[in-house]
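Trainee: Turn this into a structure:
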Amino acid sequence: MSGFNRHPWLKWEQIEKFLGQKLPFGEKGQTFLDNMSWVEGYVQDMLKKAMPGMDASVSSQAGAGVETFETHEHVIIKLKLAKEEDPRAMQVFVKSNQIKLTGFLSGKNRIVKLPSLVLPRTARVSCKQRVLEIKVRKRGLKENYVEAFIRF
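Mentor: Numbers count the residues shown, from 1 in each chain. Okay, here's the model as predicted:
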């Protein structure tokens, strides 16, 4: 059976009408589930339509001047500070999934979402040449059991 007739109860025309575009089936005999590369573009378009003026990309979530890197063991965030900002007035708060930066002249806080879970107590922050660098160790994939004692 071809991809079109595999599920006769599915009406592809209705699905395409709902999505507002033709489904890319690719080669003969290939279903749209075999090639899902079109989904990312579709989702980005829907987000742009739902939130005009907002960039849907993850890298711009904390604003300009923020770069996030990931190594095998760490997440590294670099924030370029404006000339008028005082790095000594800034504070960095780390949670397992995000970082909160306070002390900006504007009075607003910045939240940077992290690409993976981290261990907040391992955070190290340095400021060199107006670049604030935050380095946090990733939480391991294997979590050890911690014994919870039974009270009697």
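
Trainee: drop to CA atoms for contacts and neighbour counts, all remaining ones
Mentor: Fine.

Trainee: tell me the helices in this protein, going along the chain?
Mentor: 12-19, 38-50 (DSSP state H).

Trainee: The shortest one versus helix 38-50: what angle between them?
Mentor: Right, helix 12-19. Using axes from the mean of the first three to the mean of the last three Cα atoms, to 10 degrees, the inter-axis angle of helix 12-19 relative to helix 38-50 is 40 degrees.

Trainee: mean confidence for helix 12-19?
Mentor: Summarised as a single mean, pLDDT over helix 12-19 is 74.

Trainee: how many neighbours does residue 21 have?
Mentor: If you count neighbours by other Cα atoms under 10 Å, residue 21 ends up with 11.

Trainee: do residue 67 as well
Mentor: That count, for residue 67 with other Cα under 10 Å as the rule, works out to 16.

Trainee: so it bridges to which residues?
Mentor: Note on residue 67: beta-bridge partners residue 78, judged by DSSP bridges.

Trainee: So it versus residue 113, what's the distance?
Mentor: Using Cα to Cα, to the nearest Å, residue 67 is found at 11 Å from residue 113.

Trainee: related to what we said a few turns ago, export the helices of the chain to CSV and append columns for distance to residue 125.
Mentor: Shown next, in CSV, are these (distance: least, Cα to Cα, whole Å):
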stretch, distance to residue 125
helix 12-19, 46
helix 38-50, 34
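
Trainee: Reformat the ones you listed as CSV; add mean neighbour count and distance to residue 139.
Mentor: Rendered in CSV, the data for the helices of the chain read as follows (neighbours: other Cα atoms under 10 Å; distance: least, Cα to Cα, whole Å):
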stretch, mean neighbour count, distance to residue 139
helix 12-19, 12, 39
helix 38-50, 12, 28
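
Trainee: For residue 80, give me its contacts.
Mentor: If a contact means Cα atoms under 8 Å, 6 or more residues apart in numbering, then residue 80 has 65-66, 130-132 as its contacts.

Trainee: swap in residue 122?
Mentor: 136-137.

Trainee: For the closest residue to residue 79 other than its chain neighbours, grab the count of nearby residues.
Mentor: Excluding its sequence neighbours, the residue lying closest to residue 79 (Cα to Cα, 6 or more residues apart in numbering) is residue 66, at 4.6 Å. When neighbours are counted by other Cα under 10 Å, residue 66 registers 18.
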